[in-house]
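Trainee: predicted model and sequence follow; I will ask about them next.
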2 protein chains.
Amino acid sequence: MEKPYVIGVDLGGTNTVFGVVDARGNVVVSASIKTGTHNDIELYLSDLVSGLNMLIEQVGGKDKIRGIGIGAPNGNYFSGSIEFAPNLPWKGKIPLAQMIQDRIGIGVVLTNDANAAAIGEMTYGAARGMKDFIVITLGTGVGSGIVVGGQLVYGHDGFAGELGHMIVRRNGRMCGCGRQGCLETYTSATGVARTAREYLTIRSDESLLRSIDIDAITSKDVYDAAVNGDALALEIFESTGAILGESCADFVTFSSPEAIIFFGGLTKAGDLIMNPIRHHMEKNLLTIYKGKTKLLFSQLKESDAAVLGASALGWEAKEL
Amino acid sequence: MEKPYVIGVDLGGTNTVFGVVDARGNVVVSASIKTGTHNDIELYLSDLVSGLNMLIEQVGGKDKIRGIGIGAPNGNYFSGSIEFAPNLPWKGKIPLAQMIQDRIGIGVVLTNDANAAAIGEMTYGAARGMKDFIVITLGTGVGSGIVVGGQLVYGHDGFAGELGHMIVRRNGRMCGCGRQGCLETYTSATGVARTAREYLTIRSDESLLRSIDIDAITSKDVYDAAVNGDALALEIFESTGAILGESCADFVTFSSPEAIIFFGGLTKAGDLIMNPIRHHMEKNLLTIYKGKTKLLFSQLKESDAAVLGASALGWEAKEL
């Protein structure tokens, strides 16, 4: 192969991680810069481009690079822009793909971070060989990448697949998006901590969680209490899994995927979260779907997955 | 074109309508037989095949026919079978596509009736030129056909797109599917009649509907009362449209379609149903989606639409 590598860029709210990846999904070299501290997009770009050029030199120059893929919050595949991302320092529409392409001279493709994760699973992870699946990312928020017939679902405007903002409880919890009852208010890592605070405030039963400053409780604290047999913590995972399971049953009604793959921080809870998801999904499925959809955890190392997923997009970049 | 025609078969619970269709979507000749009275599938097939052969002769023999498309309840595109259809006289799995293909010697493709409607809209109707849209059929039940990137969403098992069975009210109305709170229990023609009975029983305000035998009320009666300014009837359309609008907002979150197209009996209510759908969809959309998704009524004559939709599938049948 003349151009043996692609570059993946995982643009997150705190850090931007980028790496050179070969056709088998090995991250050959990687580096990172801070995202959050760059309030000026030009300074950010200048740092990112220096970092990328450094890696490109290390693998033998830009003739070795087939393309660059970027996964970013609110990234739009069609426009190549980041549009109104609430967690990033830059406001409005940032035509990032074009900006980087102009500066480096390699074709750039951009999509949102959850879509990049889905492409990563399809290319290197748990969805290899599948044509219909959904990736749900359970992190600070809840994101999703939906694949139908082997193609990522972008929708008419490039913004399809915001399953974290399906409304699962009418008039439910306030969401950062300004609406109420979104899936992510209950089933993100933040949502789990919120449930813990709610339970601890409303109820009076004993819990290991009562020894922690209530405003500082994290989903990790809930997990630690649950593995120590704390009944209230176990109940939090049960109710979180119930809402996710009910929602998965509705997702199946839409695209009948072969698998739903969970990715991100909360998946470290393992069976504690997976068992209730499975139970409540099956219970809520229409008969024709029962027992057919696999529930899986991502097979990609979390540290690599986002870069790998973004890099897989690089193979479809325009050759300049 | 050597084979200028296709055949569309609309297999419904009461009647089976079939017609020969040209490449521009004109129904050249058509006929129908009863479905419900044929408890024996062999007798049904024998009548249907006679009917089809008669039409085929009328247009110059089977060399003129490119393929046959069938739309049927619970029709599975992958297997070519009708599987466990609750409204049809035959139980279990009926490999109808193969059965007809063997008897007539023309390639047959089968899918469910709502998918056929979506293909009809894409080929001849309101969705011409669109690559991402959803058709919602509002009849005795609620069905759906979802198109993503120009392709119908079949899912891994051929059963995707049962949006009438999205659960919109946890622990809500009992549904014929055995679960509770499905969209179709509220927004089908039957659901509208059910809402009318509920309102008339619980409430005491005056209504034109009180002059009708409560068990015999239909959505048509509610419509007639509403156009005569009956407040209770108007409220029924408002609450039905609200549930549909909220659901449409969730559907947009999934596949971000260019349009959602409504089809079937209930659409005769026009603005009475469309205005609340639009209002409640927009109100419930995530900001990035607001003002972007068109809400349309089908542009196909209801009498022709199902046959046209099914016939459009005939163009992709295998040549025998």
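Mentor: Thanks, I have it.

Trainee: can you pull out the helices in the stretch 151-300 of chain A?
Mentor: A:183-187, A:189-202, A:219-227, A:231-255, A:271-284 (DSSP state H, counting those that start in this stretch).

Trainee: residues of the stretch 151-300 of chain A that sit close to chain B?
Mentor: A:151, A:153-163, A:165-167, A:170, A:177-179, A:246, A:249-251, A:253-258, A:284, A:286-289, A:292 (CB under 8 Å from any CB of the partner chain). Backbone N, C-alpha and C define where each C-beta goes, glycine included.

Trainee: now do the phi/psi pair for the residue lying closest to A:Gln151 once chain neighbours are set aside.
Mentor: Excluding the flanking residues, the one nearest A:Gln151 by CB to CB, 6 or more residues apart in numbering or on different chains is B:Gly149, at 5.6 Å. Phi and psi for B:Gly149, reported as degrees, to the nearest 10, are phi 60, psi 30.

Trainee: which residue does the stretch 101-250 of chain A have closest to chain B?
Mentor: A:Gly155 (2.5 Å; CB to the nearest CB).

Trainee: right, and that residue touches B:Ser256 too?
Mentor: Yes. Counting by CB atoms under 8 Å, A:Gly155 touches B:Ser256, with 2.5 Å between them.

Trainee: intersection of neighbour lists for those two?
Mentor: Contact with both A:Gly155 and B:Ser256 is made by residues A:161, B:132, according to CB atoms under 8 Å, 6 or more residues apart in numbering or on different chains.

Trainee: low-confidence ranges in the stretch 1-150 of chain A?
Mentor: The stretch 1-150 of chain A contains residues with pLDDT under 70 at A:1.

Trainee: which stretches of it form helices?
Mentor: Going by DSSP H, counting those that start in this stretch, the stretch 1-150 of chain A shows helices at A:41-58, A:96-104, A:113-124.

Trainee: show me what the second one is packed against.
Mentor: Helices and strands touching helix A:96-104, as assessed by 3 or more CB pairs under 8 Å, 6 or more residues apart in numbering or on different chains; DSSP states H and E, comprise helix A:41-58, strand A:65-72, strand A:81-83, strand A:108-112.

Trainee: and it, how far out from the chain middle?
Mentor: 24 Å (CA atoms, centre = their mean, to the nearest Å).

Trainee: buried ones in that helix?
Mentor: A:96-97, A:99-101, A:104 (16 or more other CB atoms under 10 Å in any protein chain shown).

Trainee: and what of the first one?
Mentor: Buried residues in helix A:41-58, defined by neighbour count with 16+ other CB under 10 Å: A:41, A:44-45, A:47-48, A:51-52, A:55-56.

Trainee: can you give me the pLDDT of the residue sitting furthest away from the middle of chain A?
Mentor: Computed with CA atoms, centre = their mean, the maximum C-alpha offset from the centroid of chain A is found at A:Ser204, amounting to 35.4 Å. You'll see A:Ser204 listed with a pLDDT of 95.

Trainee: how is chain A divided into domains?
Mentor: A:5-120+A:303-314, A:130-298 (automatic domain parsing).

Trainee: thinking again about what came up before, quick one: the residue farthest from the centre of chain A from A:Glu235, how far?
Mentor: 14 Å (CB to CB, to the nearest Å).

Trainee: tell me the contacts of A:Leu45?
Mentor: Counting by CB under 8 Å, 6+ apart, A:Leu45 has contacts A:99-100, A:103.

Trainee: tell me how many other residues surround A:Phe261.
Mentor: Quick fix: residue A:261 reads Ile, not Phe. Residues lying near A:Ile261 (other CB atoms under 10 Å in any protein chain shown) number 28.

Trainee: beta partners for it?
Mentor: A:Val135, A:Leu296 (DSSP bridges).

Trainee: who touches stretch A:23-36?
Mentor: Counting by CB under 8 Å, 6+ apart, A:1, A:4-5, A:11-22, A:44, A:47-48, A:51, A:54-55, A:58-59, A:88-89, A:123-124, A:304, A:307-308 sit against stretch A:23-36.

Trainee: quick one, which of those residues are buried?
Mentor: In those, the ones that pass as buried (16+ other CB under 10 Å) are A:5, A:11-13, A:16-21, A:44, A:47-48, A:51, A:55, A:59, A:88, A:123-124, A:304, A:307-308.
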